[in-house]
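K.L.:
Next input, structure requested:
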Amino acid sequence: MFSALRKCSDKIPARLVVAIMCFFACWCTYMLRLNLSVAIIAMVKPLPGKESKGNGDGAVYPALHCLIARWAPPEEKGRFIWSLLGGTFGTVISFPVSGVLVEEWGWRESFYVFGGVVLFFSIFWIWLIRDSPDKHPRISEKELTYIEERIGTNVERNEGAKTRSKLPILRIMTSLPFLALLLCHYGNLWGLFFLLTLAPKFMSDILDFDLKKSGGLSSLPYLARVGFGFVFSAVGDYMVKNETFSRTTIRKIFVVFSHLASGALMFLIGYMDEYLWLTVLMMTLSLGMNGAATVSNLTNHHDLAPNFAGSLYGIMNGIGVTSGFIAPMISGRILEKNNGLYEWRILFIIGALFYIITGVIFIIFGSGNIQSWNTPKATAEDSQPEEQGAED
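P.N.:
Okay, the predicted model is just below:
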């Protein structure tokens, strides 16, 4: 079996295998997260008004961004980042499967099943994946040369602990392009958490929509983000490859879709009143437009400092996920006295403003140029101001 798989893998580009495995790594991460949420509900009776929410990202996403920085040529970066939406697709598939397992077999057995799947996947990950192309035993010389030439010297290849560059945290946190990206990412997560956690409550409480009987309708927004995201990432990579615009301009163009368009559609949801199908359509389009994040805020840190892509994403996501509990807290206070259409309209306007304002900030202050602190060892470069306008 393994010999046949080895022959098959030898014919497939190693970086394609890395992208596919990243997709399933994110799938597994969300699969375990969702099963835990479903199992907790089965184990204990939840308190009124409380929900079991969590963030299953942990160290997985920063590690995958670090891997992508070493494997993805610039003209393929968007599609590599799109592979990280495997978690979104995993949500659609895993939630009903987990529910059936818990209902039919019990919550203990659901852990055995999903744990076994992840263990099986981990064996393939260890076998197929290496930290960098030059360490991969089955990569062709042609592909290795192509990746190294396209990535260039922006990513360190020597990973020894004594020679690895230290994270220039002070310069990062005082970098205007990174701070603009940080706000952009925060606005993105605020809008996502709001739509994915609170919009279903709006549909249930205000529009009397039975989510349990909706079939695949409730999955449409998730699928739209995955589908639109692939299209956006392919278009973005095409523009980078053909140098249609500068890297900075490309990132800002896609922020128009991922933030401004998503925010405008979210704003409209609050004015749909009793139009259920229009509400579902607006939600689907809003998350679909947000798929452009694969070419904007989810990729931009690779432009700024590919050497520290994993660390930058860890900072961005560590701060960004706070919106996952701040947004519900604010929503709870607004809906505390009255759970009516007017109050929900205020919430949708707040979510839309987070999208739009942070998107505008990035359009003004964001950059697609590599920053001098990407190579902090180069003291000669450190003494020069960072370029904000010229393309890397």
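K.L.:
I'd assumed M316 was in contact with P62.
P.N.:
No. The criterion here is Cβ atoms under 8 Å, and P62 misses it with M316 at 9.2 Å. For the C-beta atoms, the positions are set from N, CA and C on the backbone; glycine is no exception.
K.L.:
what about the two, which has more around it?
P.N.:
Between P62 and M316, counting by other Cβ atoms under 10 Å, M316 is the more crowded of the two (26 against 20).
K.L.:
residue contacts, that one?
P.N.:
M316 makes contact with 181-182, 185-186, 297, 301, according to Cβ atoms under 8 Å, 6 or more residues apart in numbering.
K.L.:
can you do 6 Å?
P.N.:
Taking Cβ atoms under 6 Å, 6 or more residues apart in numbering as the contact definition, M316 lies against 182, 185.
K.L.:
Please identify which helix or strand holds it.
P.N.:
Assignment of secondary structure by DSSP states H and E places M316 within helix 309-320.
K.L.:
roughly how far apart are L119 and R108?
P.N.:
16 Å (Cβ to Cβ, to the nearest Å).
K.L.:
same question, P73
P.N.:
From P73 over to R108 (counting by Cβ to Cβ), the distance is 45 Å.
K.L.:
Looking at these two, which is more packed in?
P.N.:
When P73 and R108 are compared for neighbours, P73 comes out ahead with 18 against 11, by other Cβ under 10 Å.
K.L.:
element containing the residue lying closest to the more buried one once chain neighbours are set aside, please.
P.N.:
With Cβ to Cβ, 6 or more residues apart in numbering as the measure, R150 is the residue that lies nearest to P73, at 3.6 Å, once sequence neighbours are left out. For R150, the enclosing helix or strand under DSSP H and E is helix 141-151.
K.L.:
gap between that helix and the chain center?
P.N.:
Average the C-alpha atoms of helix 141-151, do the same for its chain, and the two points are 26 Å apart (Cα atoms, centre = their mean, to the nearest Å).
K.L.:
Pull out the buried positions in the helix or strand that that helix is followed by.
P.N.:
Toward the C-terminal end, the helix or strand that comes next after helix 141-151 (DSSP H and E) is helix 169-173. Residues of helix 169-173 classed as buried: 171-172 (neighbour count, 16 or more other Cβ atoms under 10 Å).
K.L.:
Can we start the residue count at 315 from this point?
P.N.:
Will do, 315 is the new start, and the previous item becomes helix 483-487.
K.L.:
which intervals of the stretch 365-514 of the chain have sub-threshold pLDDT?
P.N.:
Counting by pLDDT under 70, the stretch 365-514 of the chain contains low-confidence ranges at 365-372, 409, 413, 471-478.
K.L.:
need the helices for it, in chain order.
P.N.:
Counting by DSSP state H, counting those that start in this stretch, the segments of the stretch 365-514 of the chain that form helices are 374-385, 391-396, 400-418, 421-442, 455-465, 483-487, 490-507, 513-519.
K.L.:
and W341, what element?
P.N.:
helix 328-357.
K.L.:
The nearest residue to I453 once chain neighbours are set aside: neighbour count?
P.N.:
Here the nearest residue to I453 in space, its sequence neighbours aside, is A328; by Cβ to Cβ, 6+ apart that works out to 4.2 Å. Neighbour count for A328, taken as other Cβ under 10 Å: 22.
K.L.:
Could you measure from A328 over to E457?
P.N.:
Separation of A328 from E457 (Cβ to Cβ) stands at 6 Å.
K.L.:
got it, and G654?
P.N.:
With the distance defined as Cβ to Cβ, G654 ends up 59 Å from E457.
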